[in-house]
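Q: just the structure for this:
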Amino acid sequence: MTQRKGYTTASIHTKLPKNDAYNALHMPVYDGVAYEFESSQDIEDAFMGKKMAHAYSRTSNPTVEYFEKKLQSVSGAQGVVALSSGMAAISNALMALVESGANIVSSNHLFGHSYALLKTTLDHWGIEVRFVDMGNVDEVKAAIDDKTRVLFFETITNPQLELVDIKKLADIAHQKQIAVVVDSTLTPPYVFNSVEFGVDVEVMSTTKFISGGAAAVGGAIVDNGTFDWSKVPALSNWTEKFKENAFTARVRKEIFRHLGACMTAHTAHFLNLGLDILALRVDRCVENCVALGEYFVAHENITSVSYPGLKSDPGYALSVKQFSGKPGGVMTIDLASKESCYKFMDALNIVRRATNLNDNKTLIIHPWSTIYSEFCDEEKIEMGIRDTMLRVSVGIEEVADLIADFESALAGI
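A: Have a look, this model is predicted:
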């Protein structure tokens, strides 16, 4: 049996779908919209699904196809669909699995826009979402009934940075024949083997770690090929024709195609390059996070620090078990007040005041007043957001320079 290659080797050496006319080592950027066929029969066969071919770049594109194959190669997945954003990945995946009248059991601690999608948008479509504490097994079990189709949560909550026992939750869901869908944006395939922990579908914002430094907005849906899709009412017709590929087929041939959330060829080009250096960037970010975390813990002006990669963090044991002790590059700190947070942020010089995750640059944001600004104070508190909290997305700069910048800013509050 052929041994599975390491992450970076698998990414760099993923074969092109077709030999390039000029033997290019990197997949070219195919900006074309339409593709010519040799005959009328060929184009009919392509549209009927009898042969694989690109016809129109809104539905498929050679450069995007190569990104999907690279992500499939490094994750070991059965199928991958690339989309225009992480939010597109979440919405397309959930829409493929639920029908009106069904429900989703979700974590009550989610990224703000994900929470809004589930709480507001899906409700208008007749899909109920039941928000629970994923760390409370009894609460999860109580929320599940015969109309539950999906268990949805983040591998590490953003920005609360909470971890749950993913395998335990997956076992609960699978006993009820419910699909497990996780947002693994903070834990890319390099650190998280989702199949090992019972995840059926991963959704992720490729804008983050995968893009290679905030170069392009994108998303991906990863089907691990582990779930019996015939158990999902919304996929019953698709299972007859596509069997184990029913979920990916419905996403690609219906939801994705009809909603038009396509990835561009240039975006895929950046993501192809980003996948190759992802492991190097993750390791540097984690190294910086640990050093910064130890510095923050010891600082008298910081009231709390959260990063699951710190041995003192409540999530450390699970981060080692599930993510090899490399739980992404995001951490939070708390100061004495909102006013202190603003004064601190405004005094920073190297660290940028901006919203994104896993840029090469270190970024800082005040979640209460930005990402969660549309929610009332009670909702923010319920979701674990405090007005004293700052989210720090740690980059790959020299950590001594970052500490010096933080030290100077902290001295002024």
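Q: can I assume residue 89 sits in a strand?
A: No - per DSSP: H, G, I helix; E, B strand; the rest coil, residue 89 lies outside any strand segment and is helix.
Q: let the chain start at 216 from now.
A: Sure, I'll start counting at 216 from here, so that last one is residue 304.
Q: so it sits against residue 434, correct?
A: Yes - with contact defined as CB atoms under 8 Å, residue 304 counts as touching residue 434 (3.5 Å). Every C-beta, even on glycine, is put in place using the N, C-alpha and C of the backbone.
Q: where do the strands sit along the stretch 516-628 of the chain?
A: 519-521, 545-549, 567-568, 578-580, 604-608 (DSSP state E, counting those that start in this stretch).
Q: what sits in contact with each of residue 304 and residue 434?
A: 298, 418, 419, 420 (CB atoms under 8 Å, 6 or more residues apart in numbering).
Q: just name the closest of those residues to residue 286, please.
A: Comparing these against residue 286 with CB to CB places residue 419 closest, at 9.0 Å.
Q: close enough to count as contact, that closest one and residue 397?
A: No - between residue 419 and residue 397 there is no contact under CB under 8 Å: 9.1 Å.
Q: which residues do those two both contact?
A: Both residue 419 and residue 397 lack any common contact, where contact means CB under 8 Å, 6+ apart.
Q: ok so, going back, sitting in strands, which of the shared contacts of residue 304 and residue 434 do you find?
A: 298, 418, 419, 420 (DSSP state E).
Q: where does the stretch 216-365 of the chain have low pLDDT?
A: 216-218 (pLDDT under 70).
Q: just the strands in it please.
A: 294-298, 318-322, 343-347, 363-369.
Q: want to try CSV for those strands, with mean neighbour count as columns?
A: Below are the strands of the stretch 216-365 of the chain laid out as CSV (neighbours: other CB atoms under 10 Å):
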stretch, mean neighbour count
strand 294-298, 25
strand 318-322, 24
strand 343-347, 18
strand 363-369, 24
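Q: so for residue 535, which of the ones you listed sits nearest?
A: strand 363-369 (18.3 Å).
Q: what's the following helix or strand past that closest one packed up against?
A: Note on strand 363-369: by DSSP states H and E, the next helix or strand toward the C-terminus is helix 381-390. For helix 381-390, the contact count by 3 or more CB pairs under 8 Å, 6 or more residues apart in numbering; DSSP states H and E identifies helix 352-358, strand 363-369, strand 394-398 as packing neighbours.
Q: please redo it, this time with the cut-off set to 10 Å
A: strand 318-322, helix 352-358, strand 363-369, strand 394-398, helix 531-538 (3 or more CB pairs under 10 Å, 6 or more residues apart in numbering; DSSP states H and E).
Q: quick one: buried residues of that helix?
A: Buried residues in helix 381-390, counted by 16 or more other CB atoms under 10 Å: 381, 384, 385, 387, 388, 389.
Q: taking those residues, tell me the two that lie furthest apart.
A: So, the buried residues of helix 381-390 by CB to CB: farthest apart are 381 and 389, at 12.1 Å.
Q: which residues do those two both contact?
A: 395, 413 (CB atoms under 10 Å, 6 or more residues apart in numbering).
Q: would you format the strands of the stretch 216-365 of the chain as a markdown table with distance to residue 263 included?
A: Shown next, in a markdown table, are the strands of the stretch 216-365 of the chain (distance: least, CB to CB, whole Å):
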| stretch | distance to residue 263 |
| --- | --- |
| strand 294-298 | 20 |
| strand 318-322 | 34 |
| strand 343-347 | 37 |
| strand 363-369 | 30 |
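Q: which one of those lies nearest to residue 446?
A: Distance to residue 446, taken as CB to CB, is lowest for strand 363-369 among the strands of the stretch 216-365 of the chain, at 9.5 Å.
Q: which helices and strands sit right next to the closest one?
A: The helices and strands touching strand 363-369, judged by 3+ CB pairs under 10 Å, 6+ apart, are helix 301-312, strand 318-322, strand 343-347, helix 352-358, helix 381-390, strand 394-398, strand 416-420.
Q: on that earlier part again, weed out the non-buried ones from the ones in strands among the shared contacts of residue 304 and residue 434.
A: 298, 418, 419, 420.
Q: any chance of those residues in CSV, with distance to residue 602 too?
A: Output for these, formatted as CSV (distance: CB to CB, whole Å):
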residue, distance to residue 602
298, 34
418, 29
419, 29
420, 26
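Q: next, the angle strand 294-298 makes with the longest helix belonging to the chain.
A: Using DSSP state H, we find that the single longest helix of the chain is helix 480-512. Here helix 480-512 runs at an angle of 90 degrees relative to strand 294-298 (axes from the mean of the first three to the mean of the last three CA atoms, to 10 degrees).
Q: got the angle for helix 480-512 vs strand 545-549?
A: 40 degrees.
Q: so how far is helix 480-512 off the chain centroid?
A: Relative to its parent chain, helix 480-512 has a centroid offset of 14 Å by CA atoms, centre = their mean, to the nearest Å.
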